[in-house]
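Chemist: coordinates for the following, if possible.
(2 chains)
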Amino acid sequence: MKEALMPLLEVKDLNVGFNTAEGEVHAVNNLNFSINAGDTLAIVGESGSGKTQSLMSVMGLLAENGHAEGQAIFKGKDLLKMSTSELNKHRGREIAMIFQDPMTSLNPYLRIDKQMIEVVMHHQGLNKSEAREHAVEMLRAVRIPDPEERIRQYPHEFSGGMRQRVMVAMGLLCEPDLLIADEPTTALDVTVQAQISHLMNALRRKSNTAIILITHDLGVVAGLCDRILVMYAGEAVECGSVEQIYYDAKHPYTQGLLASVPRLDHMASKEMHAIPGNPPSLMSLPKGCKFRDRCPKAHAACEETPPMQLDEGRHAWRCYLDESA
Amino acid sequence: MNDRVLRVQDLSVHYKVREGGFVRSRSHLLKAVESVSFDLAAGETLGIVGESGCGKSTLARALLALIKPSRGRVLWLGEDLNKLDEEELRKRRQDLQIVFQDPLAALNPRMTVRSIIAEPLWTFFPKIARVQVDERVRGVMKMVGLLPHQVNRYPHEFSAGQCQRIGIARALILNPKLIICDEPVSALDVSIQAQIVNLLKDLQRKLNLSLVFIAHDLSVVKHISDRVMVMYLGRAMELSSRDRLYMQPLHPYTSALIKAVPVPDPKLARMASDTGLTGDMPSPLDPPAGCVFHSRCPFSVKRCEIEVPALRRMENGDWVACHRAEELDLSIGAGDAMTS
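Modeler: Numbers count the residues shown, from 1 in each chain, chains lettered A, B, ... in the order given. Below you'll find the predicted structure:
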């Protein structure tokens, strides 16, 4: 069974903090999660929930003033303990990351072929013409028309959706074991979003790449992933299979997030469901349950931090309420 | 009808765009908005939906007479805004306000919340007493759910959702009759989007506001609009009452937009059909001949490549610009977004 296998990536007791002029910002607190080869995990949370920073730390991409403690075991080795040169052997080849805004991650001065070919030559030891062929193949796989022609163009000559396809192609160039995608469709138009989602799904099935999808919208990941981790104010609050999260959410925050997704298949009721209030400041996190102030079911016990509860189906949640009562 | 506060007739906005280098530069005509017509009643909400480049933001600016139309008219309470002289137009602008997409970018970071919200008041009534301004500022802050004791704070001390509330307070302070909301929730977290939509709905009911609510997808619009207009490459494709549009879209593009909205339900999401759209949106500088949508339309026939379909009224009172509207059945069925 899958459980018996060693996970591809296992993050243990991860803490990420930033030193700022105003004090220490606790971006990620005691985070644990794992992903198996070929699986898709979505990490869902609002801005400031720590979803991006937890994976930036895994990739060794934290800002200067950031620091991470804990473990991130990738194929038996701890990524957090690696030097930059060691990390570089894994980044790009075994783990790739794509970002929300393709324009900021592509170099505007270089043609697409230059940006793609270099990566392949460096990591796979191919010569230039082999590398070009491989890059063209990859662009074809993400359904860019006339890839032989378009690979000679600059990023600004592509539309937003096309650029994001180039990013997906670059992420998959070296057939990584793990692809981290940070809001890959948020900046795109809806019809293009749908295309990119379908595309990533198809490519994943073909190449058996594990994917971690970071998003703030539970709406977009329902059809795309196997497991979901919900984060709030730097902590994991719930983790489970797609079915457990969408049909049997235990944490009031997850329930609130689900209810606030605008749905076309519900009647346009008078009020949209909103989670009242705003997330707490990461500088001065409240004691106890971080969601307490916004929670409709908060009670006295919530002043102590609730432990993670785990049921037999690998469904975990951080709340004293054990039933969605 | 006299309850129509805003009437837009055959509105077109064209830009001249220069392309190429110094030596061989050519000038093109970019038709950002082309022949758009609609009315808006007092207390009504019109949703305008389309993807980037469809002209929705240009339309918003033309409605406020911030851009001069190349053709057509914008009638506010029966007066053509573009025929008024500057002073008269300025007076009408009290009635017409706008809320922008990026709440942080729309607020001056060096101004306190008080000065941001009060600025329109000072502009229109320079002699107003300070006490009156303060009273009014506190009033609108309460109305949008901000705490009046926060008036001396700066925008960076607020979350994105609260900044959008500040933007709405600024729009409300002159007691406008129409607010144009240009993607007011697209930059916000999902959990906060609903707060702002509910707030706008609530304010509309209390103040009998007319709203134009612009968005790039159909999901949020459903909860606030009475009627929805779908735009593609500067043209209106469909203008229908809310309930009909979502159950039985008339235009293939509307149906594709509905199918593109992701469903937050794993079983339904896996069943969901593709949007049916092929290719990318063409460049607005070089739109396809005939129906602008024909190059991506799964139902396109020869006629669509030649003849531009007019926006015409169907028997049920909705408007559509498609040659094949009568023969196509685009009802949204199981496996698509609409099920339960």
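
Chemist: dump the residue contacts of the residue in the stretch 151-300 of chain B that chain A sits nearest to.
Modeler: In the stretch 151-300 of chain B, the residue found nearest to chain A is B:Ala269; the distance is 3.0 Å by Cβ to the nearest Cβ. (C-beta placed from N, C-alpha, C; glycine too.) Counting by Cβ atoms under 8 Å, 6 or more residues apart in numbering or on different chains, B:Ala269 touches A:222-224, B:262-263.

Chemist: doesn't it belong to a helix?
Modeler: Yes: per DSSP: H, G, I helix; E, B strand; the rest coil, B:Ala269 lies within a helix segment.

Chemist: hang on, the earlier thing: among the contacts of B:Ala269, which ones are in helices?
Modeler: When helices are assigned by DSSP state H, not one member of the contacts of B:Ala269 lies inside them.

Chemist: where do the strands of chain B begin and end?
Modeler: B:4-19, B:26-41, B:45-49, B:71-76, B:79-80, B:96-99, B:178-182, B:210-215, B:227-232, B:235-241, B:312-313, B:319-320 (DSSP state E).

Chemist: export the fourth one to CSV, keeping only CA atoms.
Modeler: Spelled out, that is strand B:71-76. Extracted C-alpha coordinates of strand B:71-76, given in CSV (Å, rounded to 0.1, in the frame of the first residue of the first chain):
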residue,chain,number,x,y,z
ARG,B,71,-19.1,57.4,-31.4
GLY,B,72,-22.3,57.1,-29.4
ARG,B,73,-23.7,58.7,-26.3
VAL,B,74,-23.8,58.2,-22.5
LEU,B,75,-27.0,59.8,-21.2
TRP,B,76,-27.1,60.4,-17.4
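
Chemist: which other helices and strands contact it?
Modeler: Where contact means 3 or more Cβ pairs under 8 Å, 6 or more residues apart in numbering or on different chains; DSSP states H and E, strand B:71-76 is packed against strand B:4-19, strand B:26-41.

Chemist: which stretches of the stretch 201-325 of chain A form strands?
Modeler: For the stretch 201-325 of chain A, the strands defined by DSSP state E, counting those that start in this stretch occupy A:210-215, A:227-232, A:235-241, A:308-310, A:316-318.

Chemist: comparing those, which gets the lowest mean pLDDT score?
Modeler: Note on those: lowest mean pLDDT is at strand A:308-310, with a mean of 90.

Chemist: quick one: low-confidence ranges for the stretch 1-150 of chain B?
Modeler: The model of the stretch 1-150 of chain B has pLDDT under 70 over residues B:1-2, B:20-22.

Chemist: and it, which residues reach chain A?
Modeler: Proximity of the stretch 1-150 of chain B to chain A (Cβ under 8 Å from any Cβ of the partner chain) is limited to residues B:51-52.

Chemist: closest point of the stretch 1-150 of chain B to chain A, which residue?
Modeler: B:Glu51 (3.8 Å).

Chemist: what about that residue, how many neighbours?
Modeler: 22 (other Cβ atoms under 10 Å in any protein chain shown).

Chemist: ok, how many other residues are close to whichever residue of the stretch 101-250 of chain A sits closest to chain B?
Modeler: Across the stretch 101-250 of chain A, the shortest distance to chain B (Cβ to the nearest Cβ) belongs to A:Gly223, at 3.0 Å. The tally of other residues near A:Gly223 (other Cβ under 10 Å) stands at 20.

Chemist: kindly report the same for A:Lys290.
Modeler: Neighbourhood size, A:Lys290 [other Cβ under 10 Å]: 25.

Chemist: isn't it up against A:His251?
Modeler: No: between A:Lys290 and A:His251 there is no contact under Cβ atoms under 8 Å: 11.3 Å.

Chemist: and A:Pro286, how many neighbours?
Modeler: Each residue near A:Pro286 was counted by other Cβ under 10 Å, and the total is 15.

Chemist: next: B:Val151.
Modeler: Counted with other Cβ under 10 Å, B:Val151 comes out at 18.

Chemist: about what we covered before: so who does the residue of the stretch 101-250 of chain A closest to chain B touch?
Modeler: A:197, A:201, B:262-263, B:266, B:269-270, B:272.

Chemist: roughly how far does it sit from B:Ala269?
Modeler: Using Cβ to Cβ, to the nearest Å, A:Gly223 is found at 3 Å from B:Ala269.

Chemist: count the residues that sit near the residue lying closest to B:His156 once chain neighbours are set aside.
Modeler: For B:His156, ignoring the flanking residues on the chain, the nearest one in space by Cβ to Cβ, 6 or more residues apart in numbering or on different chains is B:Pro109 at 6.2 Å. Other residues within reach of B:Pro109, judged by other Cβ under 10 Å, total 10.

Chemist: re earlier: how close does the residue of the stretch 101-250 of chain A closest to chain B sit to B:Asp274?
Modeler: 12 Å.

Chemist: which residues do the two both contact?
Modeler: Counting by Cβ under 8 Å, 6+ apart, nothing touches both A:Gly223 and B:Asp274.

Chemist: quick one: the helices in chain A?
Modeler: Assigned by DSSP H, chain A shows helices spanning A:51-58, A:84-90, A:102-105, A:112-124, A:128-141, A:147-150, A:160-172, A:190-207, A:218-221, A:242-247, A:252-260.

Chemist: nearest to A:Ala316, out of those?
Modeler: helix A:242-247 (9.5 Å; Cβ to Cβ).

Chemist: and that closest one, what does it pack onto?
Modeler: Secondary elements touching helix A:242-247 (3+ Cβ pairs under 8 Å, 6+ apart): strand A:227-232, helix A:252-260, helix B:266-271.

Chemist: keeping just the C-alphas, turn it into PDB.
Modeler: This file holds the C-alpha atoms of helix A:242-247, laid out as PDB (Å, rounded to 0.1, in the frame of the first residue of the first chain):
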ATOM      1  CA  VAL A 242     -10.200  15.600  -1.400                       C
ATOM      2  CA  GLU A 243     -13.400  13.800  -0.400                       C
ATOM      3  CA  GLN A 244     -12.800  14.300   3.300                       C
ATOM      4  CA  ILE A 245     -12.200  18.000   2.900                       C
ATOM      5  CA  TYR A 246     -15.000  18.800   0.500                       C
ATOM      6  CA  TYR A 247     -17.700  16.400   1.900                       C
END
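
Chemist: buried set for that helix?
Modeler: By neighbour count on 16 or more other Cβ atoms under 10 Å in any protein chain shown, the buried set for helix A:242-247 is A:242, A:244-246.

Chemist: including pLDDT, could those residues go into a markdown table?
Modeler: Formatted as a markdown table, those follow (pLDDT from 0 to 100):
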| residue | pLDDT |
| --- | --- |
| A:Val242 | 94 |
| A:Gln244 | 95 |
| A:Ile245 | 96 |
| A:Tyr246 | 95 |
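
Chemist: and the strands of the stretch 201-325 of chain A as a markdown table, adding distance to B:Ala256 and mean neighbour count?
Modeler: Below are the strands of the stretch 201-325 of chain A laid out as a markdown table (distance: least, Cβ to Cβ, whole Å; neighbours: other Cβ atoms under 10 Å in any protein chain shown):
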| stretch | distance to B:Ala256 | mean neighbour count |
| --- | --- | --- |
| strand A:210-215 | 22 | 24 |
| strand A:227-232 | 28 | 26 |
| strand A:235-241 | 31 | 24 |
| strand A:308-310 | 42 | 14 |
| strand A:316-318 | 38 | 23 |
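
Chemist: follow-up on the earlier one: could the helices of chain A go into a markdown table alongside distance to A:Leu178?
Modeler: Below are these laid out as a markdown table (distance: least, Cβ to Cβ, whole Å):
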| stretch | distance to A:Leu178 |
| --- | --- |
| helix A:51-58 | 9 |
| helix A:84-90 | 9 |
| helix A:102-105 | 18 |
| helix A:112-124 | 15 |
| helix A:128-141 | 17 |
| helix A:147-150 | 25 |
| helix A:160-172 | 10 |
| helix A:190-207 | 11 |
| helix A:218-221 | 17 |
| helix A:242-247 | 19 |
| helix A:252-260 | 25 |
